[in-house]
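A.B. asks: Provide a 3D model corresponding to the input given below.
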Amino acid sequence: MTDAKQRIGLRILLAVAGMAGLFWFMAPLTVRVLNIGNITGIVLSLFLLGIALFYEPLRRWLRHVRRTTVGRGVTNVVAVLLGVAVLSGGVLSGFMLTAAMQQPPDQATVVVLGCKVNGTTPSLMLERRLEAAKQYLLEHPEAPCIVSGGQGANEDISEAQAMKTWLTANGIEEGRIYQEDESTNTEENIRNSKRIIEQNGFSTDIAVVTDGFHEFRASLIARKQYLTPYSVPAQTPWFVFSAYYVRELYGLVEQLLLK
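C.D. replies: Numbers count the residues shown, from 1 in each chain. So this is what the prediction gives:
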């Protein structure tokens with residue numbers, strides 16, 4: 001294959017990747033989800049498309065820049081940083097996948113992590129978590145369940161109350177469900193749930209019910225609270241997965257480096 005054909009092939013590959021990325025990361029906008037995750041994906045997708053469209057001018061410019069020592073140094077640093085970012089994302093994704101596969105023992109305490117409530121109704125993501133929790137609780141009738149989440153903006157009741165109402169309406173005995181309705185983030189979810197575990201003498205083996213990509217960060221936080229975490233992963237709706245998955249990568253970097 002000639003060099004010209006290789007460049008054409010690369011431009012096509014970049015264009016296809018950019019267009020696919022735009023579709024994937026703009027899908028959450030259909031349900032009004034815009035966060036650092038899909039913003040990052042949209043920017044990167046547009047970057048790939050830009051390279052594909054202006055490949056030859058960029059190639060000539062880069063060759064010109066690399067003729068100087070400073071230019072080579074800067075471009076090498078940028079290349080290394082991009083490589084580290086891609087490698088880190090891959091490694092963290094592996095950890096996320098592994099964490100989501102950790103099945104809990106029979107005596108585990110179920111902890112359902114909260115998510116957005118629309119008025120008094122669980123959002124689709126929260127409903128997916130509740131469906132996973134219901135299935136696990138039906139299969140383990142002796143397991144207690146802690147529903148964890150406070151009341152946020154545009155929520156008429158706490159996430160914990162919305163979860164308890166949903167679970168009891170779907171066949172889970174009210175006496176098995178304990179509410180933790182003060183937390184505003186994952187760290188508080190776990191810490192406040194631990195207090196309920198200690199007060200009631202429940203097992204410190206916890207079956208964390210949350211989205212699969214979120215299980216790893218939840219497990220890191222749980223271990224710092226001297227709990228032993230396992231996973232009951234919920235299935236994230238495909239059209240919002242990209243936004244929340246990439247946002248979770250940012251959350252993991254913060255968790256690992258700053259906390």
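A.B. asks: Tell me the bridge partners for Ser231.
C.D. replies: Here Ser231 shows beta-bridge partners Val208, assigned using DSSP bridges.
A.B. asks: show me the contacts for it.
C.D. replies: Applying C-beta atoms under 8 Å, 6 or more residues apart in numbering, we find Ser231 in contact with 99-104, 207-208, 212, 215, 219. For glycine as for every other residue, the C-beta is placed from the backbone atoms N, C-alpha and C.
A.B. asks: just for this protein, where's the confidence low?
C.D. replies: Residues of the chain that meet the criterion pLDDT under 70 lie in 1.
A.B. asks: show me where this protein has strands.
C.D. replies: Assigned by DSSP state E, the strands in the chain fall at 109-113, 117-118, 121-122, 145-148, 177-180, 205-211, 228-234.
A.B. asks: What is the fourth one packed up against?
C.D. replies: Same thing as strand 145-148. If contacts are counted by 3 or more C-beta pairs under 8 Å, 6 or more residues apart in numbering; DSSP states H and E, strand 145-148 sits against strand 109-113, helix 159-169, strand 177-180, helix 186-200.
A.B. asks: and Phe47, which of those is closest to it?
C.D. replies: Closest approach to Phe47 among these is made by helix 186-200 (30.5 Å; C-beta to C-beta).
A.B. asks: what comes up buried for that closest one?
C.D. replies: Neighbour counts over helix 186-200 (16 or more other C-beta atoms under 10 Å) mark 186-194, 196-197 as buried.
A.B. asks: would you turn the strands of the chain into JSON lines with distance to Gly171?
C.D. replies: Formatted as JSON lines, those follow (distance: least, C-beta to C-beta, whole Å):
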{"stretch": "strand 109-113", "distance to Gly171": "15"}
{"stretch": "strand 117-118", "distance to Gly171": "20"}
{"stretch": "strand 121-122", "distance to Gly171": "16"}
{"stretch": "strand 145-148", "distance to Gly171": "12"}
{"stretch": "strand 177-180", "distance to Gly171": "12"}
{"stretch": "strand 205-211", "distance to Gly171": "16"}
{"stretch": "strand 228-234", "distance to Gly171": "17"}
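A.B. asks: Of all those strands, which one comes closest to Arg72?
C.D. replies: strand 205-211 (43.1 Å).
A.B. asks: Just want the angle from the closest one to helix 159-169.
C.D. replies: Put simply, strand 205-211 runs at 100 degrees to helix 159-169, going by axes from the mean of the first three to the mean of the last three C-alpha atoms, to 10 degrees.
A.B. asks: what residues does strand 205-211 touch?
C.D. replies: 104-105, 107-113, 125, 128-129, 132-133, 136, 143, 193, 197, 215, 218-219, 222, 227-234, 236, 244.
A.B. asks: what do you get for stretch 30-45?
C.D. replies: With C-beta under 8 Å, 6+ apart as the criterion, stretch 30-45 contacts 17-22, 24-26, 28-29, 124, 239-240, 242-250.
A.B. asks: can you rerun that using 6 Å?
C.D. replies: 18, 21-22, 25, 28, 240, 242-244, 246-247, 250 (C-beta atoms under 6 Å, 6 or more residues apart in numbering).
A.B. asks: Kindly give a single PyMOL line that selects the buried subset of the residues you listed.
C.D. replies: Selection of buried members from the contacts of stretch 30-45 for PyMOL, criterion 16+ other C-beta under 10 Å:
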select buried, resi 18+21+22+25+28+240+242+243+244+246+247
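A.B. asks: so can I have TSV of the contacts of stretch 30-45 showing distance to Val65?
C.D. replies: Converted to TSV, the contacts of stretch 30-45 look like this (distance: C-beta to C-beta, whole Å):
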residue	distance to Val65
Gly18	23
Gly21	26
Leu22	28
Phe25	29
Pro28	36
Val240	39
Ser242	33
Ala243	34
Tyr244	37
Val246	30
Arg247	33
Tyr250	30
